[in-house]
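Participant: kindly return the folded structure for what I paste below:
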Amino acid sequence: NKTRFERFGSVMIDLETLSTHNNAAIIEIGAVEFNKYTGEIGEKFNVIINPKDWCKNDRHVDGETIQWWFNQTNEVRERFITKQNDVTYLDLKSALNALKYFLMDCDSVDDDKDVVVWGNGATMDIAILESAYEYFNMETPWKYWSVNDVRTIVDLNPNIKKNCKFEEGVKHSAVADCLHEI
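Facilitator: So this is what the prediction gives:
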């Protein structure tokens, strides 16, 4: 029997934020374990940050991003103002800890931080999480060289975007975005 790490080995991470700065206020964290060769999906992780915690902890909020959220569908926005049964609400520090433990479960048995994390954009999701971990003086749960970027792959092969339609869930829902990016 293969371990989870041998079966998957990669985790797509997607954030919903209130800014595009490195210290952006994070409102949702999603992660999905996957096999980069087969596209097989493993476990999913989803946390919405308690709205009372959005503007704390030196997190940046940007007016243009807020305006962008106002232009999204009610279905998207309601996820953050109405408690969802299938989503956990946590303060930011607890959410970062929960993500760390999720990644540890996805990792190899004998060595920490072998799992490869993916984000959409070299300066977005992963960089924002690294800033948050640093703020709380927490160790980042991946090695700096084990970060991959979906946007670079799409830039190298633009036809990928034409061939991959958004099929599952609501756009700008972190887990649905992860599934699309995979």
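
Participant: tell me, how many residues neighbour Ile126?
Facilitator: By the criterion of other C-beta atoms under 10 Å, Ile126 has 22 neighbours. Placement of C-beta: from N, CA and C, glycine included.

Participant: ok, the nearest residue to Asp149 once chain neighbours are set aside to Asp112 distance?
Facilitator: Distance criterion C-beta to C-beta, 6 or more residues apart in numbering; nearest residue to Asp149, sequence neighbours excluded, is Ala122 at 4.8 Å. Ala122 is 24 Å from Asp112, where distance means C-beta to C-beta, to the nearest Å.

Participant: show me what the helix or strand containing Glu64 is packed against.
Facilitator: Glu64 is part of helix 63-70 when elements are defined by DSSP states H and E. Packing partners of helix 63-70 (3 or more C-beta pairs under 8 Å, 6 or more residues apart in numbering; DSSP states H and E): helix 74-81.

Participant: right, and the helix or strand after the lowest-mean-pLDDT helix or strand in the chain?
Facilitator: In the chain, no helix or strand scores lower on mean pLDDT, DSSP states H and E than helix 159-163, which sits at a mean of 72. Using DSSP H and E, the helix or strand that follows helix 159-163 in sequence is helix 174-181.

Participant: report the rounded mean pLDDT for that following helix.
Facilitator: Averaged over helix 174-181, pLDDT sits at 87.

Participant: CA atoms of that helix as CSV?
Facilitator: C-alpha atoms of helix 174-181 as CSV (Å, rounded to 0.1, in the frame of the first residue of the first chain):
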residue,chain,number,x,y,z
ALA,A,174,-10.9,28.4,-2.1
VAL,A,175,-11.4,24.6,-2.5
ALA,A,176,-13.3,25.1,-5.9
ASP,A,177,-10.5,27.3,-7.1
CYS,A,178,-7.9,24.6,-6.0
LEU,A,179,-9.8,22.0,-8.0
HIS,A,180,-9.9,24.2,-11.1
GLU,A,181,-6.1,25.0,-10.7
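
Participant: roughly how far out does it sit from the chain middle?
Facilitator: Distance, stretch centre to chain centre, for helix 174-181: 8 Å (C-alpha atoms, centre = their mean, to the nearest Å).

Participant: taking helix 74-81 as reference, get the angle to that helix.
Facilitator: Here the directions of helix 174-181 and helix 74-81 differ by 130 degrees (axes from the mean of the first three to the mean of the last three C-alpha atoms, to 10 degrees).

Participant: sketch out the low-pLDDT regions of the protein for me.
Facilitator: Scanning the chain for pLDDT under 70 picks out 82-87, 111, 162-170.

Participant: what about 80?
Facilitator: Flagging of the chain using pLDDT under 80 yields the residue ranges 78-88, 109-112, 159-172.

Participant: can you tell me how far Val76 is from Ser173?
Facilitator: Val76 is 7 Å from Ser173, by C-beta to C-beta.
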